[in-house]
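S.K.: predicted model, plus sequence, below.
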Amino acid sequence: MRALVTGGGGFLGAALARKLRERGDDVRVFGRGSYADLEAIGIDCAKGDVTDYATLKAACDDRDVIFHVAAKVGLWGKYEDFCSVNVEGTKNVLRACLELGIAKLVFTGSPSVVFHGGDVDGVDESAPYPEKFDSYYSQTKALSEKMVLAANHDKLATVSLRPHFIWGPGDRNLLPRVAAKQRAGRLYKVGDESKLVDTIYIDDCVDAHILAAVQLSPVSEIAGKAYFLSGGDPRPFWEIVDRMLAASGLPPVKKRMSKELAYALASVCEGTWRLLRLSSEPPLTKFLVDTMTTSHWFDITAAKRELGWKPRVKIEDGMTRVAQWIRTTQTDA
């Protein structure tokens, strides 16, 4: 494959680019930064932003598959900012594919496009988009996924993959944030601790993306479809958090807070941030409270059957690898 990975400087994008290069594929990443570690292993790095069509089109030139991983992710922010990257950026990717005759687009979607504020227990891809979204991220990811799937035709084959809660070695966002909050004594177990959530180890997520690209074509079974991805082993949310903390050499979360109190505090935080027009993310939002206190797990039968994929890394084994990675990075530092 001659592949372009948008968002190549992020956790998933970089891991995907490395795996493609390891396979012997011709890989280029597109992102806003400079990535010396990727260049060192023979990956071409193009600098730019998906909202800038000229630089994006230049990066797409001579590619035969695009992995569109880039997205604005977050619990807070202006709708315009999420829309600019997630919707307008995806429009630019689709435009580049059509103008340059690129035949395959693998889009990294999100399971949050079916979140409706309540429990999501074992749903499959027939679950509808909600009438009202509880975050700008979910709303704009749904809009972009709809565009991607609608663009599937005889000259451009598209597929959307919806991984939930990606984790593993190399994560310099979620893991460090959880550890930092625990060190500061700011982590509280909120609500019903039995709520189950799905997660997916980074290597399994990468494998699914590559399998999708290999078999994607206008006549393939997966063209024009969306697929949930997970490890197929839903666990209580706070068990996952405690395991991450243990991998970081930290104790489990002991403090507790009711869902009602968490919602009240989130309302105060959101109101203060709006009043003061702060651009930073509040320490607590209603969307975060919902995430921590509702179940989110999915039926991955379709991905197994139609992608020919299955998750291979068990949570316990993955956490051992995370702990080893953390020790190595601390030693190197």
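M.R.: Nice, I can see it. Treat the numbers as computed from the prediction; the structure is a model and nothing was measured. Numbering: from 1, shown residues only.

S.K.: rest of the way, CA atoms for contacts and neighbours
M.R.: OK.

S.K.: mind listing what's buried in stretch 126-139?
M.R.: Applying a neighbour-count criterion of 16 or more other Cα atoms under 10 Å, one finds 129, 133, 134, 135, 136, 137, 138, 139 buried in stretch 126-139.

S.K.: then stretch 54-61?
M.R.: Judged by neighbour count (16+ other Cα under 10 Å), stretch 54-61 contains these buried residues: 56, 57, 59, 60.

S.K.: now, which of those residues sits nearest residue 210?
M.R.: Among these, residue 60 lies closest to residue 210 (Cα to Cα), at 17.9 Å.

S.K.: apart from its chain neighbours, what residue comes closest to the closest one?
M.R.: Nearest-residue entry for residue 60: residue 4, 6.5 Å, with adjacent residues in sequence omitted and distances by Cα to Cα, 6 or more residues apart in numbering.

S.K.: just residue 123 next, same as before
M.R.: If the residues on either side of it in the chain are set aside, residue 123 comes closest to residue 298, at 5.0 Å by Cα to Cα, 6+ apart.

S.K.: show me the contacts for residue 85.
M.R.: 50, 51, 71, 72 (Cα atoms under 8 Å, 6 or more residues apart in numbering).

S.K.: correct me, but the residue nearest to residue 123 touches residue 121?
M.R.: Yes. Contact status for residue 298 versus residue 121: in contact at 6.5 Å, counting by Cα atoms under 8 Å.

S.K.: which one of the two has more residues nearby?
M.R.: Comparing residue 298 with residue 121 by neighbour count (other Cα atoms under 10 Å), the higher total belongs to residue 298, at 25 against 17.

S.K.: what's the neighbour count on residue 36?
M.R.: Residue 36: 10 surrounding residues under other Cα under 10 Å.

S.K.: in contact with it, which residues?
M.R.: Shown in contact with residue 36 (Cα under 8 Å, 6+ apart): no residues.

S.K.: cutoff 10 Å now
M.R.: Residue 36 is in contact with 43, 45, counting by Cα atoms under 10 Å, 6 or more residues apart in numbering.

S.K.: how near is it to residue 219?
M.R.: Computed with Cα to Cα, to the nearest Å, the distance linking residue 36 and residue 219 is 39 Å.

S.K.: cool, residue 69 as well?
M.R.: In this structure, residue 69 and residue 219 are 24 Å apart, going by Cα to Cα.

S.K.: neighbour count winner among these two?
M.R.: For residue 69 versus residue 219, neighbours defined as other Cα under 10 Å are more numerous around residue 69 (22 against 11).

S.K.: now do the helix or strand hosting residue 175: distance to the chain's middle.
M.R.: Residue 175 belongs to helix 174-183 when assigned by DSSP states H and E. The chain centroid and the centroid of helix 174-183 are separated by 18 Å, computed with Cα atoms, centre = their mean, to the nearest Å.

S.K.: in this structure residue 263 contacts residue 291, no?
M.R.: No. With contact defined as Cα atoms under 10 Å, residue 263 does not reach residue 291; the gap is 11.8 Å.

S.K.: which residues do those two both contact?
M.R.: The overlap between the contact sets of residue 263 and residue 291 (Cα under 10 Å, 6+ apart) consists of residue 285.

S.K.: the stretch 51-200 of the chain: strands as residue ranges?
M.R.: Counting by DSSP state E, counting those that start in this stretch, residue ranges of the strands within the stretch 51-200 of the chain are 65-68, 104-108, 120-123, 157-163, 166-167, 189-190, 196-197, 200-201.

S.K.: partners of the second one in the sheet?
M.R.: Strand 104-108 has the following sheet partners, assigned by DSSP bridges: strand 65-68 (parallel), strand 157-163 (parallel).

S.K.: CSV for these, including mean neighbour count, mean pLDDT and distance to residue 18?
M.R.: Conversion of the strands paired with strand 104-108 to CSV gives the following (neighbours: other Cα atoms under 10 Å; pLDDT from 0 to 100; distance: least, Cα to Cα, whole Å):
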stretch, mean neighbour count, mean pLDDT, distance to residue 18
strand 65-68, 25, 98, 13
strand 157-163, 25, 98, 19
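
S.K.: which one of these lies closest to residue 205?
M.R.: Counting by Cα to Cα, residue 205 lies closest to strand 157-163 out of these; the figure is 6.8 Å.
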